[in-house]
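**Student:** heads up, no residue letters with this:
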């Protein structure tokens, strides 16, 4: 018979054992983050905090004619369509990736809304210094290539891709397929033609430069698609997901109520033969506790604008891009490139999910705790910090590229830039104890490895880890004086120990972990 145990880092007061015992969960060797309560049974004098990335400045700006709405290179203000076309929509949607096959950072971005523009390409060896290779067939731009025109019906006439441009663009490197596969790179977008055909299209590529259409370029969904469109591989269900915008109030502009639609492929992931086989799993809007409404309407101010989804260590994170909507477009010539505004602005928040469908907005989004806060008066990102489609984990950091502008939605013109911020590994959410000793006790789970690793910052504090049985009773060899006390450590993979025993002796048994913390931040743990 297996003995029943628990890992712990703190002292916990136990009541009636018939009521205290949590259901056993499966952990395996998956790293456990503290973005939610999945692994947590109890907290004492410990709170969950939201991490904030550190800014590293502007890395990419419009330089090529295709980066500008006019097709003419000039100094700013150079971004944003607002209610009318401005000078460009440089970087309005963008997809940064680390490409293992090329050992290179790669970036696909929306270059502008001018006809003939659409998806542009850049690359970097170090993620900091970027080039824009002239990959187009004519050798004159960094626009990607298509093997056929995009069929659009408008006033009874067929329109070529070069006549309309693309919008709502997201590129994905499919983790379920090997490099070299014809469909390794995937793209989701909608054709930019004044909202007349806001339906998602999909494409595929073997190299990310030369592309073909699924469904011969015809729509694969109904309306709407005029924010970010994104296709994903879900490692939990082994199925493709597709998300795009959902219509909740038609007409756009002031009366617009922006929402999200999440779909799943229903025909064996065969996008080539069944490109339209998408089943809707959920549609929703932001149910923000702040019920402010746009003046003169019953439409909420705080709305989801874009909703990039990113998978990391067993959790889906929505990079929830919230627009503080307004009905006050800024007249031409009255832009304010210095003052930091509070309406018509964007920031984004990390929202976790265990199923890719239901997201928790309560910890970061609703209390307005952005991953990258907008800058102060006069800064390049004072009115906009919008998310990428993908976060890159590189050199034990999270690299978060973001779109920055220095004017509001509806301002028609602004300076649009792509900037970089970095975050500690696993630092999106963490548990923190202050000067008063705190404890974190996990739910019971089976030990399937030999070593415990902690991502923890106790450089000004202390901690120890105890192991308990399933009922919360301390195991003498792994608790009390036998659990080592650590002071002054700040490590990503610290391996705590016990004076007389090793974790390997508990392999195959059910335990809890209890962390005893003081002036310490706990980011994650993993049993290997």
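**Tutor:** In hand now; what should we look at? Bear in mind that the values here come from a model prediction, so they are computed numbers and not experimental data.

**Student:** so what's the residue nearest in space to the middle of the chain bridging to?
**Tutor:** To find the centre residue of the chain, average its C-alpha atoms and take the closest one (Cα atoms, centre = their mean): that gives residue 319, at 3.8 Å. Residue 319 has these beta-bridge partners by DSSP bridges: residue 350.

**Student:** Look up how far residue 249 lies from it.
**Tutor:** Residue 319 sits at a distance of 24 Å from residue 249 (criterion: Cβ to Cβ, to the nearest Å). Placement of C-beta: from N, CA and C, glycine included.

**Student:** Does residue 113 fall in a helix, a strand, or a coil region?
**Tutor:** For residue 113, the secondary structure call by DSSP: H, G, I helix; E, B strand; the rest coil comes out as coil.

**Student:** That one against residue 89, yeah?
**Tutor:** Yes: in this structure, residue 113 is within contact of residue 89 by Cβ atoms under 8 Å, at 5.0 Å.

**Student:** Settle it for me: which of these two has more neighbours?
**Tutor:** Between residue 113 and residue 89, residue 89 has the larger neighbour count (other Cβ atoms under 10 Å), namely 29 against 22.

**Student:** residue contacts, the closest residue to residue 34 other than its chain neighbours?
**Tutor:** Using Cβ to Cβ, 6 or more residues apart in numbering and skipping the chain neighbours, the partner closest in space to residue 34 is residue 431 (5.0 Å). Remark: with contacts taken as Cβ atoms under 8 Å, 6 or more residues apart in numbering, residue 431 is in contact with 34, 43, 46, 47, 48, 49, 440, 517, 521, 522.

**Student:** Pairing partners for residue 431 in the sheet, please.
**Tutor:** Beta-bridge pairing of residue 431 under DSSP bridges involves residue 48, residue 522.

**Student:** for residue 259, same thing?
**Tutor:** As assigned using DSSP bridges, the partners bridged with residue 259 are residue 246.

**Student:** OK, contacts around it?
**Tutor:** Applying Cβ under 8 Å, 6+ apart, we find residue 259 in contact with 245, 246, 247, 248, 283, 284, 285, 304.

**Student:** where's the dip in pLDDT among those?
**Tutor:** Per-residue confidence over those reaches its minimum at residue 247, where pLDDT is 81.

**Student:** Next, the residue nearest to that one when sequence neighbours are not counted: phi, psi?
**Tutor:** Nearest non-adjacent residue to residue 247, counting by Cβ to Cβ, 6+ apart: residue 224, 4.6 Å away. The phi and psi values for residue 224, taken as degrees, to the nearest 10, are phi -120, psi 180.

**Student:** Residue 395 too?
**Tutor:** Geometry field for residue 395 lists phi and psi as phi 50, psi 40, criterion degrees, to the nearest 10.

**Student:** quick revisit: just the buried subset of the contacts of residue 259, written out for ChimeraX, thanks.
**Tutor:** Only the buried members of these end up in this ChimeraX selection, burial being decided by 16 or more other Cβ atoms under 10 Å:
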select :245,246,247,248,284,285,304
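
**Student:** Tell me who's in contact with residue 336.
**Tutor:** For residue 336, the set of contacting residues under the criterion of Cβ under 8 Å, 6+ apart consists of 330, 407.

**Student:** Can I take it that it is in a helix?
**Tutor:** No: assessed by three-state DSSP, residue 336 does not belong to a helix; its assignment is coil.

**Student:** so how far is residue 383 from it?
**Tutor:** Look at residue 336 and residue 383: by Cβ to Cβ, they are 9 Å apart.

**Student:** hang on, the earlier thing: out of the contacts of residue 431, which comes closest to residue 352?
**Tutor:** residue 34 (9.9 Å; Cβ to Cβ).

**Student:** Contact partners for that closest one?
**Tutor:** With Cβ under 8 Å, 6+ apart as the criterion, the residues that contact residue 34 are 40, 48, 429, 430, 431, 522, 523, 524.

**Student:** could you dump the residues you listed to a markdown table with distance to residue 485 and pLDDT?
**Tutor:** Rendered in a markdown table, the data for those read as follows (distance: Cβ to Cβ, whole Å; pLDDT from 0 to 100):
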| residue | distance to residue 485 | pLDDT |
| --- | --- | --- |
| 40 | 22 | 98 |
| 48 | 24 | 98 |
| 429 | 26 | 98 |
| 430 | 21 | 98 |
| 431 | 18 | 98 |
| 522 | 15 | 98 |
| 523 | 19 | 98 |
| 524 | 21 | 98 |
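
**Student:** Could you save the residues you listed as a markdown table and add columns showing distance to residue 213?
**Tutor:** Below are the contacts of residue 34 laid out as a markdown table (distance: Cβ to Cβ, whole Å):
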| residue | distance to residue 213 |
| --- | --- |
| 40 | 46 |
| 48 | 44 |
| 429 | 39 |
| 430 | 43 |
| 431 | 47 |
| 522 | 47 |
| 523 | 43 |
| 524 | 41 |
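
**Student:** Can you say which of those residues are buried?
**Tutor:** 40, 48, 429, 430, 431, 522, 523, 524.

**Student:** can you pull out the helices in the stretch 351-500 of the chain?
**Tutor:** Counting by DSSP state H, counting those that start in this stretch, the stretch 351-500 of the chain has no helices to list.

**Student:** Quick check: pLDDT value at the closest residue to residue 314 other than its chain neighbours.
**Tutor:** With Cβ to Cβ, 6+ apart as the criterion, residue 314 has its nearest non-adjacent residue at 5.0 Å, and that residue is residue 30. Here, the pLDDT recorded for residue 30 equals 97.

**Student:** Residue 30: what's it in contact with?
**Tutor:** Contacts here follow Cβ under 8 Å, 6+ apart; on that basis residue 30 touches 313, 314, 526.

**Student:** How about residue 166?
**Tutor:** Residues counted as contacts of residue 166 (Cβ under 8 Å, 6+ apart) are 110, 117, 118, 119, 189, 190, 191, 192.

**Student:** and the fourth one, how many residues sit next to it?
**Tutor:** Taking other Cβ under 10 Å as the criterion, the count of residues near residue 119 is 25.

**Student:** picking that back up, scan the contacts of residue 30 and report the most crowded one.
**Tutor:** Neighbour counts for these were taken using other Cβ under 10 Å; the highest belongs to residue 526, which has 20 neighbours.

**Student:** Skipping its backbone neighbours, what lies nearest that residue in space?
**Tutor:** Leaving out its chain neighbours, the residue that sits closest to residue 526 by Cβ to Cβ, 6+ apart is residue 31, at 4.2 Å.

**Student:** what do you get for residue 183?
**Tutor:** Excluding the flanking residues, the one nearest residue 183 by Cβ to Cβ, 6+ apart is residue 204, at 4.2 Å.

**Student:** do residue 276 as well
**Tutor:** Taking Cβ to Cβ, 6+ apart as the measure, residue 276 lies nearest to residue 220, with 4.8 Å between them; neighbours along the chain are not counted.

**Student:** what separates the one you found from residue 379, distance-wise?
**Tutor:** The spacing between residue 220 and residue 379, counted by Cβ to Cβ, is 40 Å.

**Student:** Can you get me a residue count around residue 75?
**Tutor:** Residue crowding around residue 75 was assessed by other Cβ under 10 Å; the count is 6.

**Student:** Next, it: phi, psi?
**Tutor:** phi -80, psi 150.

**Student:** For residue 61, see how far away it is.
**Tutor:** Residue 75 sits 10 Å away from residue 61, going by Cβ to Cβ.

**Student:** I'd guessed residue 447 sits against residue 512; true?
**Tutor:** No: in terms of Cβ under 8 Å, residue 447 does not count as a neighbour of residue 512; the distance is 10.6 Å.

**Student:** what about the two, which has more around it?
**Tutor:** Taking other Cβ under 10 Å, residue 447 and residue 512 do not tie; residue 512 has more neighbours (30 against 21).

**Student:** now that one, which residues is it bridged with?
**Tutor:** For residue 512, the beta-bridge assignment (DSSP bridges) gives partners residue 468.
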